[in-house]
Structures are given as structure tokens and as C-alpha cells.
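Undergrad: one predicted model, sequence on top.
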Amino acid sequence: MRLLELIARGYSLTNALFHLRGLGQRRVFSDWEIGFLLERLAHGPTPAVAGLDDELRTIRRENYRDRDAAYRRSRLSLTEFGRAIVAHKEDFSHYNPIDHWWGGTRLTNDCLWRWNPALVAPQPSRPSLSSFRAEPTSHPSRSPL
């Protein structure tokens, strides 16, 4: 959401978004993580961001030089859908598949952590482990003789 808010405020160049750490505006993601997040926002089935260089779809992730050049060519803006997300009228996950790992946690459309403005755990679609009650079993090696 923060990236979309920054783009809405006029940060249309990826170079500015990548270097906001120096301004104290970005606290979590590295430059390349910002790039990968932008790609998910721009290249999904229902994009929230327009103007990200399409060549990024085909450049190998290890090719930092060409990826950097493609990011620098990009001129970002929000799509109508992106503006609706910033206005809290739409949810990106309702229109785009989410399946990636972050910090050892797998994030999917069914299991998303949210920031609103505090971290909110996913709402489980299945019973939590705290409500799970296993039937008592004994190990074969512990059976009475």
C-alpha cells in the first residue's frame, strides 16, 4: 500500500522509490525487493500500477544491469484500480493471485498479513492449531508387554 500511496503522491520515477531509505520513508524492503513488488503490482492480471517497463517481464532476475536500466526507463502512475486501492475501495488480492514467501512466511490469497496501521494476522479459513485436539495414541514401542 505504501508504494501505491507514494506513486499517487507523484513519485513516478523508480529511482526515487528505490532510494527513499535515505529519506526515512522506507524501512523494510531492499531496492530489489521494491522492484519485485512493483512488478507484481504492474504485471498482474489486474494491474494497480502503469508505466513499469514491460521488458522486465523477460529480463532474467540475475541480470542486474539490464533490470536497472528498465526500471530507470519506467514512468509510473496508478491505474484506476490502483487509485481505488489507495482510496480503500478495492483490494488487490481479490483480483490478483498472491503466492510468495516473505520472511519465512508463505503469503497467499487465503493467508495474508495486513498492515492497517498495525500488523493484522490473517483470518484463518480453517480451525487454528489451538482448537485441534488429537486423539491419544501410543507408540508401538511403548505398548504393554
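TA: Perfect, thanks for sending it.
Undergrad: state the distance from the residue positioned nearest the centre of the chain to residue 123.
TA: Computing the C-alpha centroid of the chain and ranking residues by C-alpha atoms, centre = their mean puts residue 37 first, at 5.5 Å. Here the distance between residue 37 and residue 123 works out to 23 Å (C-beta to C-beta, to the nearest Å). Just so you know, the C-beta spots here come from the backbone N, C-alpha and C atoms, and that holds for glycine as well.
Undergrad: just the helices from the chain, written as ranges.
TA: Here the chain has its helices, by DSSP state H, at 2-8, 14-18, 31-42, 64-73, 80-86.
Undergrad: of all those, which lies closest to residue 51?
TA: helix 31-42 (7.6 Å; C-beta to C-beta).
Undergrad: list the buried ones in the closest one?
TA: Along helix 31-42, these residues count as buried under the neighbour rule (16 or more other C-beta atoms under 10 Å): 31, 34, 35, 37, 38, 39, 40, 41, 42.
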